[in-house]
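>>> What would the 3D arrangement of this be:
(one chain, ligands or ions: 2)
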Amino acid sequence: MNQYLDIHPEVAEALRTGKPVVALESTIISHGMPYPQNVQTALQVEEIIRENGAVPATIAIIGGRLKAGLSADEIEYFGKKGTAIHKASRRDLAVLCARGEDGATTVATTMIIAHMAGIKIFATGGIGGVHRGAETTMDISADLEELGRTPVMVVCAGAKSILDLGLTLEYLETKGVPVIGYGTEELPAFYTRQSGFGVDYRIDTPEELAKAYFAQCAMALGGMLVTNPIPEEFAMPKDVIDKAIDQAIAECNAKGIHGKETTPFLLARVAELTGGNSLASNIRLVYNNAALAARTAVEMAKL
Ligand code: PSU
Ligand code: MN
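Ligands and ions are numbered 1, 2, ... in the order given. Purely as a prediction, here's the structure:
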């Protein structure tokens, strides 16, 4: 086992005995949602994973240790500290561990740590991607590179249109990442079920997801992305969300915000501009993804 990694005893026991485990990220807690909804959501997501037959492993860096599985107190700590915690992507792991610091793991680092621990599947809300205007800023999330190289299945609700969804799909194609629509042929756009862009494959059951992942691993082809549309009853009106996103991006550019601050700024601003509505949708889609990931982990454990 990696010398920087600590696996929670319950997670370690599940992995040793071949029981299903689902990883969860911590940047969504510290930087993706406000306190206290972030903590309530993180705890409820763990509960949903248990109800669907798997063991949850929320991933984070605490005192320079890579943690696969957090206690409720540790989740509370990340939720309360919020953006004061270092947002940790691939480039940050080594220095944070060497210095003994804390870090909130993004999709990229959650995949890395999940893979080190032997966890195959990870549920979240949205992934990072190619930002609008990336042809001049070169702002492309390290999440996409990680999907290309690390053999973990990531279950999300597509990507927010704070990103350029067309360019994000092009980049994933270049990196060889299969983009799967769960029960849909169209890429979901996080708050809405449709984006106007197609996925590579439609898959309708957790069993078939598990089989596809098994084949992906057998050929050492890297990660897989499952995009699971938000349930109809929690989706947002497209015009409302588009307007908020356009305004948030304009403000982000006017303020000269860039680098790792961009995504947290846009997420927080969109939530403010839509009142509580987008946060409520965000929470519901994460629950939906957690349930699908747990059901898929159960099928993976049978193969
Ligand atoms: N998109 C969301 N919610 C999130 C994130 C993205 O809808 O919480 C977080 C995830 O942790 C993701 C990270 O991995 O932002 C991407 O940040 P960046 O664009 O700086 O790579
Ligand atoms: Mn970026």
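
>>> Using the centroid of the protein, identify the residue furthest from it.
When each C-alpha in the chain is compared with the mean C-alpha position (C-alpha atoms, centre = their mean), residue 254 comes out farthest, at 27.8 Å.

>>> how far away is it from ligand 1?
Distance, residue 254 to ligand 1, using C-beta to the nearest ligand atom, to the nearest Å: 19 Å. (Glycine included, C-beta is placed from N, CA and C.)

>>> and that residue, how far is that from residue 88?
28 Å (C-beta to C-beta, to the nearest Å).

>>> swap in residue 110?
10 Å.

>>> who's more crowded, these two?
Neighbours were counted for residue 110 and for residue 88 using other C-beta atoms under 10 Å; residue 110 has more, 32 against 28.

>>> quick one: pLDDT of the residue lying closest to the more buried one once chain neighbours are set aside?
Distance criterion C-beta to C-beta, 6 or more residues apart in numbering; nearest residue to residue 110, sequence neighbours excluded, is residue 25 at 4.1 Å. On pLDDT, residue 25 comes in at 98.

>>> What of residue 105?
98.

>>> and it, what does it touch?
Residues in contact with residue 105, defined by C-beta atoms under 8 Å, 6 or more residues apart in numbering, are 25, 26, 27, 59, 60, 61, 88, 113.

>>> Closest one to ligand 1 out of the residues you listed, please.
Among the contacts of residue 105, residue 27 lies closest to ligand 1 (C-beta to the nearest ligand atom), at 3.3 Å.

>>> residues contacting the residue nearest to residue 110?
So, once contact is read as C-beta under 8 Å, 6+ apart, residue 25 ends up touching 58, 59, 104, 105, 106, 107, 110, 122, 124.

>>> Adding distance to ligand 1 and secondary structure as columns, could you present these in TSV?
TSV is the format used below for those (distance: C-beta to the nearest ligand atom, whole Å; DSSP: H, G, I helix; E, B strand; the rest coil):
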residue	distance to ligand 1	secondary structure
58	13	strand
59	11	strand
104	8	strand
105	7	strand
106	3	coil
107	3	helix
110	8	helix
122	11	strand
124	7	coil
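
>>> biggest separation within those residues, which pair?
104 and 122 (14.7 Å; C-beta to C-beta).

>>> Ramachandran coordinates for residue 128?
When quoted as degrees, to the nearest 10, the phi and psi of residue 128 stand at phi -80, psi 160.

>>> Measure how buried the nearest residue to it once chain neighbours are set aside is and give me the count.
Spatially, and ignoring its direct neighbours in sequence, residue 128 is nearest to residue 141 (2.6 Å; C-beta to C-beta, 6+ apart). Using other C-beta under 10 Å, the number of residues around residue 141 comes to 25.

>>> In contact with residue 141: list those residues for me.
Shown in contact with residue 141 (C-beta under 8 Å, 6+ apart): 89, 106, 107, 108, 127, 128, 129, 130, 131, 263.

>>> Could you tell me what pLDDT the model assigned to the fourth one?
In other words, residue 108. For residue 108, pLDDT reads 98.

>>> Three-state assignment for it, please.
helix (DSSP: H, G, I helix; E, B strand; the rest coil).

>>> In space, what's closest to it - neighbours in sequence excluded?
Nearest one to residue 108, counting by C-beta to C-beta, 6+ apart, is residue 146 at 3.9 Å.

>>> isn't that neighbour right next to residue 223, touching?
Yes. Between residue 146 and residue 223 there is a contact under C-beta atoms under 8 Å: 6.7 Å.

>>> And residue 75, which helix or strand is it part of?
Taking DSSP states H and E as the definition, one finds residue 75 inside helix 72-81.

>>> hang on, I meant residue 45
With DSSP H and E as criterion, residue 45 is part of helix 37-51.

>>> got the angle between that helix and helix 72-81?
150 degrees (axes from the mean of the first three to the mean of the last three C-alpha atoms, to 10 degrees).

>>> and the stretch 1-150 of the chain, which of its residues are near ligand 1?
For the stretch 1-150 of the chain, the residues in contact with ligand 1 (C-beta under 6 Å from any ligand atom) are 25, 27-28, 32, 89, 106-107, 125-128, 141-143.

>>> That should have said the stretch 151-300 of the chain, apologies.
So far as C-beta under 6 Å from any ligand atom goes, the stretch 151-300 of the chain lies against ligand 1 at 160, 190, 260, 263, 267.

>>> So what's the residue count around the last one?
It stands for residue 267. Neighbours of residue 267 using other C-beta under 10 Å come to 23.

>>> how close does it get to residue 54?
27 Å.

>>> what's the answer for the first one, then?
As defined by C-beta to C-beta, residue 160 lies at a distance of 26 Å from residue 54.

>>> cool, the fourth one as well?
Applying C-beta to C-beta, the value for residue 263 to residue 54 is 28 Å.
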